[in-house]
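Chemist: Would you be able to build a 3D model of this:
(one chain, ligands or ions: 1)
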Amino acid sequence: MGMHRTVVISSQHIMKEFYTTNDKFVASRPQSSQSKHLAYNYAAFGFSPYGSYWRDVRWTEFMYGSVKSMKKINKELDSIIDAWVQEHELRRLNGEVETKQDFIDVLLSAVQDDSQFGNSRETVIKATIMTLIVGGSDTTSITMIWMLANLLNNRRELQLAQEEIDQKVGRDRPVEESDVENLVYLKAIIKETLRLYPAGRRSCPGLNFALQVVQLGMARLLQGFNFTTPNNEPVDMTESLTLSLCKETPLEVMLTPRLAPELYQY
Ligand code: HEM
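Modeler: Residues are numbered from 1 along each chain as shown. Next up, the predicted model:
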């Protein structure tokens, strides 16, 4: 076309050859004056010919992008955690004794000085808080997503779990932590979920806490709503291994309330 040689492909078979099997031979861009003069003589990878330069730059850009966004997230999280620690430290120094000590209060009294763990006291405390947030958020929500996805593919068990909650708690008040002990069917489903999507070689120090969160969270969800999938389709259970074993496709659910409206005003 114009000064460029052009090939028109009209066969599906040849198209497949071009874009899958032999795609690297046609992955370059035509040389143009824009690419030469505006894109640093093909140095901007979007304009450069496919080859080792393109692959190296793409890869480096990918790593640089990840490191850059990790640094940004770390900075944002650090400033939030820093404010929490300062606030707690100030209350301690002012002798304001809390009736209930929270986790940061405990850390502040457990880590006494800089010499303890080879890092500054502040770093140890902030790093521990960060570890718990990072280690505790995704893992817990991913477990709940797998559990719900499995229940949506096993509607009889979903119904039995809801019936157990109706029988042992009723529908006039929300499930409380003290109810969970009696919800044996629900607890068995959670154990089965953790067996199917297992928890690795090193043991998890947050597991007891996580179990309580998952038990109460799932009990409230199942008590509060009926669940279906769009068009009542089965859930795609393909796994995707990132840092945690999560679902390849997002879980889509349709909710309908099961309780009186005032019970949703938490
Ligand atoms: C259902 C939810 C959870 C699951 C499935 C889970 C799973 C795991 C697994 C598999 C490991 C070991 C990873 C390895 O092999 O190195 C681990 C470690 C860890 N988890 Fe959890 N976790 C959950 C919730 C939590 C929560 C809520 C917290 C904190 C509040 C937490 C804190 C940690 C920490 C600090 C480690 C590192 C332990 C070490 O390296 O010695 N986890 N978790």
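
Chemist: Low-confidence stretches in the stretch 151-266 of the chain?
Modeler: Applying pLDDT under 70 to the stretch 151-266 of the chain flags residues 201-202, 242-243, 266.

Chemist: For the ligand, what is the nearest residue in it?
Modeler: residue 206 (2.2 Å; Cβ to the nearest ligand atom). Where you see a C-beta, it was placed from the backbone N, CA and C, and this is true even at glycine.

Chemist: got a list of what the closest residue to that residue other than its chain neighbours touches?
Modeler: Leaving aside its chain neighbours, residue 206 sits nearest to residue 136 (5.3 Å; criterion: Cβ to Cβ, 6 or more residues apart in numbering). Each residue near residue 136 by Cβ atoms under 8 Å, 6 or more residues apart in numbering is listed here: 206, 209, 210.

Chemist: and the second one, how many neighbours?
Modeler: If I follow you right, that is residue 209. A count of nearby residues for residue 209, using other Cβ atoms under 10 Å, gives 13.

Chemist: In contact with it: list those residues for me.
Modeler: residue 136.

Chemist: next one: phi and psi at it?
Modeler: As for residue 209, its main-chain torsions (degrees, to the nearest 10) stand at phi -60, psi -40.

Chemist: From residue 184, how far off is it?
Modeler: 20 Å (Cβ to Cβ, to the nearest Å).

Chemist: For residue 187, which non-adjacent residue is closest in space?
Modeler: With sequence-adjacent residues excluded and distances taken as Cβ to Cβ, 6+ apart, residue 187 is closest to residue 215, at 6.4 Å.

Chemist: Just the element for the one you found, please.
Modeler: In this assignment (DSSP states H and E), residue 215 forms part of helix 207-224.

Chemist: Report the buried residues of the following helix or strand past that helix.
Modeler: Sequence-wise, the next helix or strand downstream of helix 207-224 (DSSP H and E) is strand 225-228. In terms of neighbour count (16 or more other Cβ atoms under 10 Å), strand 225-228 has its buried residues at 225, 227.

Chemist: now what about strand 225-228, what contacts it?
Modeler: Taking Cβ under 8 Å, 6+ apart as the rule, strand 225-228 contacts 148, 151, 152, 158, 162, 253, 254, 255, 256, 257, 258.

Chemist: Tabulate those (JSON lines), appending neighbour count, secondary structure and distance to residue 10.
Modeler: Formatted as JSON lines, the contacts of strand 225-228 follow (neighbours: other Cβ atoms under 10 Å; DSSP: H, G, I helix; E, B strand; the rest coil; distance: Cβ to Cβ, whole Å):
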{"residue": "148", "neighbour count": "19", "secondary structure": "helix", "distance to residue 10": "47"}
{"residue": "151", "neighbour count": "22", "secondary structure": "helix", "distance to residue 10": "49"}
{"residue": "152", "neighbour count": "19", "secondary structure": "helix", "distance to residue 10": "44"}
{"residue": "158", "neighbour count": "19", "secondary structure": "helix", "distance to residue 10": "50"}
{"residue": "162", "neighbour count": "21", "secondary structure": "helix", "distance to residue 10": "56"}
{"residue": "253", "neighbour count": "16", "secondary structure": "coil", "distance to residue 10": "44"}
{"residue": "254", "neighbour count": "12", "secondary structure": "strand", "distance to residue 10": "43"}
{"residue": "255", "neighbour count": "11", "secondary structure": "strand", "distance to residue 10": "48"}
{"residue": "256", "neighbour count": "8", "secondary structure": "strand", "distance to residue 10": "50"}
{"residue": "257", "neighbour count": "11", "secondary structure": "strand", "distance to residue 10": "55"}
{"residue": "258", "neighbour count": "15", "secondary structure": "coil", "distance to residue 10": "57"}
